[in-house]
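Engineer: sequence and predicted structure are below.
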Amino acid sequence: MLKPKRTAAFPAGQKARSVHETRRTKDMINKTALRQSAILFAAALIWGFTFVAQSVGMDYVGPFTFIAARNIVALLVLLPMAAVLDRRGKRPQEPADRRKNHRLLLIGGICCGICLFGGSTLQQFGVRETTVGKAGFISALYMVIVPLLGIFLGKKIGLRIWTAVALAALGMYLLCMTKGDFRLQTGDIYLFACAVVFSIQILSVDHFSPLVDGVKLSCVQTLTNAVLGAICMLLFERPDFGSILAAWMPIVYAGALSSGLGYTFQIIGQKDLNPAVASLIMSLESVISALAGWLLLSQTLSARELAGCALTFLAIILVQLPGRRRKGAAAEKSAS
C-alpha cells in the first residue's frame with residue numbers, strides 16, 4: 001500500500017514570509033543600534049569640548065566646588081525635562097508596580113551617581129600628579145576594562161569587538177603617549193582606579209537603563225553627584241561665592257551640556273546596546289578633545305597623533321558594521 005506523500009511542515013509561502021520577517025527584525029535591530037550609537041557619539045562630542053571648560057573652571061574654584069556647582073546646574077536643566085516627559089508619557093500603574101519602579105530608580109541612580117562621583121574625583125586628583133597625555137590614555141582604558149568585566153557578568157564579546165578594542169587602545173596610545181613616558185607615578189594609580197570606577201558606572205547604566213526611565217535615572221544620578229560634591233566641598237574646601245560667579249561660564253557649560261545632556265545621552269544611548277561597544281564610542285571624547293584643540297585653539301597635532309585619531313575612528317566604524325548573516329542566508333536559500 002502506497003503511503004501518502006508527507007506535505008512540508010511549512011509551505012514555501014510561509015517560509016518566505018518567515019525569512020522576510022527575520023530580515024526585517026534584523027534591520028530594525030541594526031537601525032536601533034545605529035541610533036543608540038549616534039546618541040552616544042553626541043555625548044562624546046559634548047564631553048570632548050568639556051575638557052576646556054573644566055580646565056578654565058579649575059582656575060577659579062576647587063574640584064569639589066566645581067563638581068557640586070555643575071551638577072546643581074544640571075539638575076535645573078533635567079528636572080523640568082523629566083517633568084514634561086513624565087506628563088506626556090504617563091501611564092496608569094498599580095501601586096505595587098509604582099513602588100517597585102521608584103525603588104529601582106533610587107537604587108540605580110544612587111549606584112550610578114556614586115560611581116560617577118568617584119571616577120570624576122579620582123580623575124581630578126590623577127591629572128594633578130601626572131602628564132596630560134598619560135591621563136588621557138589611562139582614563140580611556142575603561143574601553144578595555146568594560147569587556148573584561150562583562151565576561152564575568154555573562155556578556156558575549158565577539159572577536160570583532162576585541163579587535164576594535166585593540167585598535168582603539170593603540171589609537172589612544174599614539175594620540176596621548178607622545179613623549180614615551182613609561183614611569184609609574186602616583187597619579188597613574190589614581191587614573192587607573194578612575195578607569196575601573198568608570199567601567200563599573202557604564203555597566204551599572206547598562207543594567208538599570210532598560211528597567212527605568214532614562215531621564216529620571218539621570219536626575220537621581222546627578223542629584224547624588226551634587227550631594228556628594230557639596231559634602232566634600234564643605235569638608236575639604238573653602239568655597240567662595242565670588243569665585244563661583246567668576247567661573248559661571250565653564251560651570252554652566254559643564255553643568256547644562258556635559259552633566260545635564262551628556263550623561264542623559266549616555267543613559268539613553270546605552271539602552272539595548274552592548275556595553276563594550278558603548279564604551280568604545282564614549283572613549284571618542286579624548287579624540288574629539290584633541291581635534292577640538294587643533295581646530296578651535298590652533299593647537300598642533302603631529303602625524304602620530306592624527307594616526308591615533310584615525311585608528312580610534314576605524315575601531316568605531318568596525319563595531320558598527322553589520323555581522324555576517326549565515327543563518328539568514330541559509331534560510332533564504334531554502335525558501336528559494
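Structural biologist: That came through, no problem.

Engineer: may I have stretch 219-234 as CSV, with CA atoms only?
Structural biologist: The C-alpha coordinates for stretch 219-234 follow below in CSV (Å, rounded to 0.1, in the frame of the first residue of the first chain):
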residue,chain,number,x,y,z
CYS,A,219,18.2,63.1,37.6
VAL,A,220,18.9,60.8,40.5
GLN,A,221,22.5,60.2,39.4
THR,A,222,23.1,63.9,39.1
LEU,A,223,21.5,64.6,42.5
THR,A,224,23.7,62.0,44.1
ASN,A,225,26.7,63.5,42.4
ALA,A,226,25.7,67.0,43.6
VAL,A,227,25.2,66.0,47.2
LEU,A,228,28.5,64.1,47.4
GLY,A,229,30.3,67.0,45.8
ALA,A,230,28.7,69.5,48.2
ILE,A,231,29.6,67.4,51.3
CYS,A,232,33.3,67.1,50.1
MET,A,233,33.3,70.8,49.2
LEU,A,234,32.3,71.8,52.8
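
Engineer: how far off centre is that stretch?
Structural biologist: A distance of 20 Å separates the centroid of the chain from that of stretch 219-234, by C-alpha atoms, centre = their mean, to the nearest Å.

Engineer: do the same with stretch 163-176
Structural biologist: 17 Å.

Engineer: outside of it, which residues touch it?
Structural biologist: Contact partners of stretch 163-176, identified using C-beta atoms under 8 Å, 6 or more residues apart in numbering, comprise 133-137, 140-141, 143-144, 147, 276, 280, 283, 286-287, 290, 304-305, 307-316, 318-319. In this view, the C-beta of every residue, glycine as well, is placed from N, C-alpha and C.

Engineer: now it: buried residues?
Structural biologist: For stretch 163-176, the neighbour count (16 or more other C-beta atoms under 10 Å) marks 164-165, 167-169, 171-176 as buried.

Engineer: which among these gets closest to residue 105?
Structural biologist: residue 165 (31.6 Å; C-beta to C-beta).

Engineer: could you point out the helix or strand that follows the helix or strand containing the closest one?
Structural biologist: Taking DSSP states H and E as the definition, residue 165 sits inside helix 159-176. Sequence-wise, the next helix or strand downstream of helix 159-176 (DSSP H and E) is helix 186-208.
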